[in-house]
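Student: output the structure for:
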Amino acid sequence: MLIARAPHPVPCPSFEPIVPNTYADKLSQLPEMQALRQQRTQETLSAAFAAVTSRIDDVPLPASGNTLARWRFFHAVAATDLVLAKIVEPHWDAQAILSELCPSGSQESASLASGLACFGAVGMPKSAKTPQDAQGSRWAVWAAEPPDAKVTGQVDASGNLVLNGTKAWCSGAALVTHALITYWDASSNANLAAIDLSSPGVSVTNRGWHAVGMDASASVDVGLTNVVATPVGAAGAYLNRPGFWHGGMGVAACWLGGAYALATAARVQAARRQDPHALAHIGAMDVALAQAHGLMRSTAAWVDAHPAADSQWPAFRIRAAAEQCAAEIVRMSGRAMGAGPLCRDDHVARLYADLPIFIRQSHAEKDLAALGQALVSATTDARVDPWTL
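Tutor: Okay, here's the model as predicted:
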């Protein structure tokens, strides 16, 4: 027997955020963010980057007890502009790396300056007199290691670490002041160092980026010729620390922020049109976002409960879920909205072009195979069942 629906059903509790994203409110109050959303240029992007890094000072470190708040921040930035998220997330990742690799670092600290103070003079601006002066710096993390671009490091006669080579995929190279970069030493160890982009021998090129999507991120090649750098952590520490995978999860939060913004634009238009096919896509997007957001919440709680654990498996899972959600929303939002907003709305058009490029930072089937191998290996123990409810 069919049961008649109530004319005004009671909303499902999941339609309301469990905790409002307070960062979205803070960001919306910054005029630089409003200008960027209206039109993305190098000027509006640079101004928004400076505003966010200087005025938002309460972003927690990962695995510090409030990881979800950190990911909500990245999510909110990405919902405004994905290129901004592409350069903002590494700035806070650099803070986390410095805090983690510093022997006396405090995981309760939440400022870049405290990470720098803890480590000493790592990458400090030449004019800085105190660690607090470093707050004006803007950081990147460049760790891609393609076969055709390599940076090597050696200690010179004066005891300085000197870097040479080409670093590829340097997002935001024209907008940052400092960077943490990976390099190889004489023993073939992958290490990490901090550089000041104003140092002699640093050359920001215009090579290596031709995509229309994420165009303003300008992930170009950077040349290094006898650049004096500051070592960060012991040999191999960058890759072997627990926070390596926490950083990868933060990128997934950016992907979901872009997906959320694109789905929201489709939902707003569907409310005006009341087209049944568009509404079906809105329903499907709700399912996709609810699944991915739910996994992100539970993963954040797991990270906080196991701050020093190997989180490669959860990272592969959440990144794959975020990528799948974002890809589905790109497909469904285009069908729900049609050509109009994709061609006539600046913000929607940028999201639609940017998001497919950004999620290609995922390693796709390679990471899925690694996740599958981890599952197969773990479940040889009959007591382990990761799929039960």
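Student: show me where the stretch 101-250 of the chain dips below the pLDDT cut-off.
Tutor: In the predicted model, the stretch 101-250 of the chain carries pLDDT under 70 at residues 103-135.
Student: all helices of it, in order?
Tutor: Along the stretch 101-250 of the chain, counting by DSSP state H, counting those that start in this stretch, helices occupy 112-119, 237-240, 243-273.
Student: show me which strand runs longest in the chain.
Tutor: For the chain, the longest strand by residue count, based on DSSP state E, is strand 220-231.
Student: if we can go back for a sec, how about JSON lines for the helices of the stretch 101-250 of the chain, with mean neighbour count added?
Tutor: (Each C-beta comes from the backbone N, C-alpha and C, glycine too.) Listed next are those as JSON lines, based on neighbours: other CB atoms under 10 Å:
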{"stretch": "helix 112-119", "mean neighbour count": "23"}
{"stretch": "helix 237-240", "mean neighbour count": "16"}
{"stretch": "helix 243-273", "mean neighbour count": "22"}
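Student: and these as CSV, adding distance to Val162?
Tutor: Output for these, formatted as CSV (distance: least, CB to CB, whole Å):
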stretch, distance to Val162
helix 112-119, 20
helix 237-240, 19
helix 243-273, 26
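Student: ok, the nearest residue to Pro146 once chain neighbours are set aside to Ser311 distance?
Tutor: Leaving out its chain neighbours, the residue that sits closest to Pro146 by CB to CB, 6 or more residues apart in numbering is Ala168, at 5.2 Å. Note on Ala168: its distance to Ser311, by CB to CB, to the nearest Å, is 27 Å.
Student: which one of the two is surrounded by more residues?
Tutor: Just comparing Ala168 and Ser311: by other CB atoms under 10 Å the higher neighbour count belongs to Ser311, 24 against 21.
Student: please name the residues that touch the more buried one.
Tutor: Pro242, Trp245, His246, Met249, Trp302, Val303 (CB atoms under 8 Å, 6 or more residues apart in numbering).
Student: which one of the residues you listed is nearest to Gly340?
Tutor: Set against Gly340, the nearest of these by CB to CB is Met249 (35.1 Å).
Student: from what I see, Trp255 and Ala78 are in contact.
Tutor: Yes: contact criterion CB atoms under 8 Å: Trp255 and Ala78 qualify, at 7.4 Å.
Student: tell me which residues touch Leu45, please.
Tutor: Leu36, Asp81, Val83, Leu84, Leu175, Ala216 are the contacts of Leu45 under CB under 8 Å, 6+ apart.
Student: can you do 10 Å?
Tutor: 32, 35-36, 81, 83-84, 87, 172, 174-175, 216-218 (CB atoms under 10 Å, 6 or more residues apart in numbering).
Student: before we move on, the earlier item: give me the common contacts of Trp255 and Ala78.
Tutor: Joint contacts of Trp255 and Ala78 (CB under 10 Å, 6+ apart) are Ala85, Leu355, Phe358.
Student: secondary structure and distance to Arg319 added to those residues, as CSV?
Tutor: Below are the shared contacts of Trp255 and Ala78 laid out as CSV (DSSP: H, G, I helix; E, B strand; the rest coil; distance: CB to CB, whole Å):
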residue, secondary structure, distance to Arg319
Ala85, helix, 15
Leu355, helix, 15
Phe358, helix, 12
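Student: which one of those residues sits in the busiest neighbourhood?
Tutor: Going by other CB under 10 Å, Ala85 tops the shared contacts of Trp255 and Ala78 with 28 neighbours.
Student: nearest residue to it in space, please, no chain neighbours.
Tutor: Ala78 (3.7 Å).
Student: wait, is the one you found part of a strand?
Tutor: No: per DSSP: H, G, I helix; E, B strand; the rest coil, Ala78 lies outside any strand segment and is helix.
Student: spatially central residue in the protein, please.
Tutor: Val251 (3.0 Å; CA atoms, centre = their mean).
Student: any idea how far it lies from Arg360?
Tutor: Here Val251 is placed at a distance of 12 Å from Arg360 (CB to CB).
Student: ok, Asp381 next?
Tutor: 35 Å.
Student: if we can go back for a sec, Arg70 is nearest to which of the helices of the stretch 101-250 of the chain?
Tutor: helix 243-273 (6.8 Å).
Student: quick one: distance of that closest one to the chain centre.
Tutor: Helix 243-273 sits 12 Å away from the centroid of its parent chain (CA atoms, centre = their mean, to the nearest Å).
Student: which helices and strands sit right next to it?
Tutor: helix 67-80, helix 82-101, helix 276-305, helix 312-337, helix 339-344, helix 346-358 (3 or more CB pairs under 10 Å, 6 or more residues apart in numbering; DSSP states H and E).
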